[in-house]
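Trainee: Predicted structure and sequence below. I'll ask about it afterward.
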Amino acid sequence: MKRVIQFISLIALDIAAYYVTLYGAWYVRERVFPLFYTPLTPNYSFAYYAGLLWMPAIFIFFIAYSNIYTGRIPLWNESKKLIHANTLSFMVLMAVVTLGKAQGLVSRTVILSLWILSIFIFPVFHLYGKKLLFVLGITKEKVLVLGAGKTGKLISQWLERERHIGYEVLGYLDDKSDRIGTYIDGKKVFGQVRHYTRFIKELQINTIIIAMPSLGPDKISSLAYEVQQKVKNTMIVPNLYGIALLNTELLHLFYEEIFLLKVKNNLKSMSNRIIKRAFDLLVGIVLLPFLLLLMAVIGIITKLTSPGPVIYKQERIGIGGRTFNCYKFRTMVQDSERILKELLQSNRAMKDEWERHWKLSNDPRITRIGMFLRKTSLDELPQIINVLKGEMSLVGPRPYLKREMYAIANEIEDITKVPPGITGLWQVSGRSSTTYEHRIRLDIWYMMNWSLGLDLFILLRTIKVVLFMKGVR
């Protein structure tokens, strides 16, 4: 019965996501696009589109076909599946409208906007909707972790952070006697690993995670075989700590009883680069009308509160190592470079901080409106122009300054293979609180692990970081 309730709840979640997305698509078609051109198809009310029940049915079918309702996977993996399912839905809808000669009954602009907006709205609904279902106990499943060491603790922290997956760690089993009876992040170490069958029954466990990579392959293989006979789901953490590669394919060698990890560098593919560029253009064009209005308001406030130009241009390192003018709203007083030079010469603490982060936590050059723009990252809105020009991407490595060339000399060839991004991994991984060296490592990691799903994940996390202003100084 619980699985049926869970299945129905997830479908209801996607129906809600569909109608929110549909309203956005309808609004773009009926309220925004007429400002720029006269549509050929007649105007229809939102109630008319909401009554076309065969449209959400197509979305639900492909999402169900992707096993999203029955699987428990991280957000970025689920987002990739959602993008794939919604893209198939879009293609079917376009085929029905075009081949069925129903262009006058359903606007293709609505369908296109529906698809683009679904890329963002559906994952958001899944993230927060599943967290709510977890709190309500609908998707909650008990988990027992074998191993209370570093790996087991990391697994527990991950599941606590990613509650939308639906796993609740009840506790640990470990063979070190000094750990038994203790608590790790509020989770008890119940006993020794060999007593796992007893705790499966007592705690009503269906899922066990074996987080003991130091045991070695033979012992882990034997333990996994035994555990598989007792529970429905068994997960194993292999001894590959530190190798966080998303673009991998698992190849099974049955007779040899081993597996291979096939690692792909997606950005080596020209077709993937075209997909990334097309994604930037589609999202940029859809968002442009809203952003232009917001940019106009910010520009007026900036001009009225501080003398100087509204837009600040700065040379940054772009694709292929070529420089370009990166646009931002001006957030500092005029002649800020001269003031910075004087500050660094007169204040040793500021100089040390600048050399570590290339930023100052309490920069006296920042204006009052500039402080707000930086905290909300609204100062970077003009970079949408860079994106449309092809100089930047929505997601990518940092747009490094020319003076930072020496710091990234060893990695510049890899970092500049794609355009820099308005946002990226460093912005959603602590932002200003990360070290400069860590930012470079994050950029390299992004290049090695790029996927459209990863870009979407970063965009969603950016929205969260901006709203709550996490890691901003």
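Mentor: Structure received. Keep in mind that what you see is a predicted model, and the values were worked out from it rather than measured. Numbers count the residues shown, from 1 in each chain.

Trainee: Low-confidence bits of the stretch 251-400 of the chain, can you list those?
Mentor: The model of the stretch 251-400 of the chain has pLDDT under 70 over residues 253-258, 262, 355, 357-358.

Trainee: Would you map the strands across it?
Mentor: Using DSSP state E, counting those that start in this stretch, the strands of the stretch 251-400 of the chain run over residues 258-263, 311-317, 323-329, 393-395.

Trainee: Quick check: which of those strands is buried the most?
Mentor: Highest mean neighbour count of the strands of the stretch 251-400 of the chain: strand 393-395, a mean of 25 (counted as mean count of other CB atoms under 10 Å). The C-beta positions use only the backbone N, C-alpha and C, and glycine is treated the same way.

Trainee: how about stretch 207-227: buried residues?
Mentor: 207-213, 215, 220, 223, 227 (16 or more other CB atoms under 10 Å).

Trainee: Select, from those residues, the two members most distant in space.
Mentor: Spatial extent of those (CB to CB) is set by the pair 207 and 215 at 19.4 Å.

Trainee: returning to what we had before: save the strands of the stretch 251-400 of the chain as CSV, and put in distance to residue 413 too.
Mentor: As requested, the strands of the stretch 251-400 of the chain are exported to CSV (distance: least, CB to CB, whole Å):
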stretch, distance to residue 413
strand 258-263, 19
strand 311-317, 12
strand 323-329, 16
strand 393-395, 18
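
Trainee: The longest helix along the chain packs against which elements?
Mentor: Secondary structure of the chain per DSSP state H: the longest helix is helix 270-305. Identification of packing neighbours for helix 270-305 by 3 or more CB pairs under 8 Å, 6 or more residues apart in numbering; DSSP states H and E yields helix 108-135, strand 323-329, helix 368-376, helix 383-389, strand 393-395, helix 452-468.

Trainee: closest to residue 293 out of these?
Mentor: helix 383-389 (12.5 Å).

Trainee: Spit out the contact partners of the closest residue to residue 264 other than its chain neighbours.
Mentor: Leaving aside its sequence neighbours, residue 264 sits nearest to residue 247 (CB to CB, 6 or more residues apart in numbering; 4.4 Å). Taking CB atoms under 8 Å, 6 or more residues apart in numbering, we find residue 247 in contact with 263-266, 448-451.

Trainee: mind checking how far residue 247 is from residue 451?
Mentor: 6 Å (CB to CB, to the nearest Å).

Trainee: residues shared between the contacts of those two?
Mentor: residue 266.

Trainee: re the thing from before, point out the most buried one among the helices and strands packed on helix 270-305.
Mentor: Highest mean neighbour count of the helices and strands packed on helix 270-305: strand 393-395, a mean of 25 (counted as mean count of other CB under 10 Å).

Trainee: tell me the domain ranges of the protein?
Mentor: 2-135, 141-241, 268-331+366-468 (automatic domain parsing).

Trainee: quick one: the one helix or strand residue 57 maps to to helix 108-135, angle?
Mentor: Using DSSP states H and E, residue 57 sits within helix 54-65. Angle of helix 54-65 versus helix 108-135, following axes from the mean of the first three to the mean of the last three CA atoms, to 10 degrees, is 50 degrees.

Trainee: Go through helix 54-65 and list whatever outside residues touch any part of it.
Mentor: Identification of contacts with helix 54-65 by CB under 8 Å, 6+ apart yields 11, 14-15, 18-19, 22, 49, 69, 82, 85-86, 88-89, 92-93, 118.

Trainee: Now residue 235: phi and psi?
Mentor: phi -120, psi 140 (degrees, to the nearest 10).
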